[in-house]
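1. Take a look and give me a structure for this.
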Amino acid sequence: MPVTYEVTIEPEESDFRGNCSAIDEVTDRETEAWIAKELAGGNEYAWCWAKVTAWFEGFEGADSLGAISCKGGADFEEHFLPEMKRNARANLIAEVEGALTNARATVKRIPGILAKLDKIKEEGG
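-> Below is the predicted model:
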């Protein structure tokens with residue numbers, strides 16, 4: 001069974017004006033104009049927030065990134081998706097490792113808990 005990935009693309013909450021480029025005034029204005037035109041034309045990738053979620057055997061890990069500007073879905077998949085999938089998978093592994101650590105700690109506590117319960121039973125509580 002492979003790891004399952006889900007990609008969520010949503011509009012970026014921050015305004016792209018003043019946030020999309022930091023090269024020089026001319027480039028910044030050109031980039032802002034391009035983003036405005038692309039968004040008006042329906043390109044949701046022109047200024048967006050993305051989240052990649054990885055699932056495996058009931059566990060999940062995710063990675064998200066905002067203030068993304070792409071020409072379209074193919075551009076996003078080429079330049080952002082591979083690293084976001086790696087990060088989501090790494091977070092998935094960390095989640096599984098954390099669950100294992102917690103399970104080990106719980107298993108170590110069980111004999112003491114059972115002993116306390118036996119003692120309570122003997123005392124009529």
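2. So which residue is smack in the middle of this structure?
-> In the chain, the C-alpha nearest the mean C-alpha coordinate belongs to Asp63, at 2.3 Å (C-alpha atoms, centre = their mean).
3. And it, which helix or strand is it part of?
-> When elements are assigned from DSSP states H and E, Asp63 belongs to strand 59-68.
4. Okay, strands next: where are they in the protein?
-> Listed in chain order, the strands of the chain (DSSP state E) span 4-11, 48-56, 59-68.
5. Now distance to Lys108 and mean pLDDT too, for those, in TSV please.
-> C-beta coordinates here come from the backbone N, C-alpha and C atoms, glycine included. Listed next are the strands of the chain as TSV, based on distance: least, C-beta to C-beta, whole Å; pLDDT from 0 to 100:
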stretch	distance to Lys108	mean pLDDT
strand 4-11	33	98
strand 48-56	26	98
strand 59-68	22	98
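6. Dump those strands to CSV, plus distance to Thr106.
-> Shown next, in CSV, are the strands of the chain (distance: least, C-beta to C-beta, whole Å):
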stretch, distance to Thr106
strand 4-11, 27
strand 48-56, 22
strand 59-68, 17
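7. All set now, cheers.
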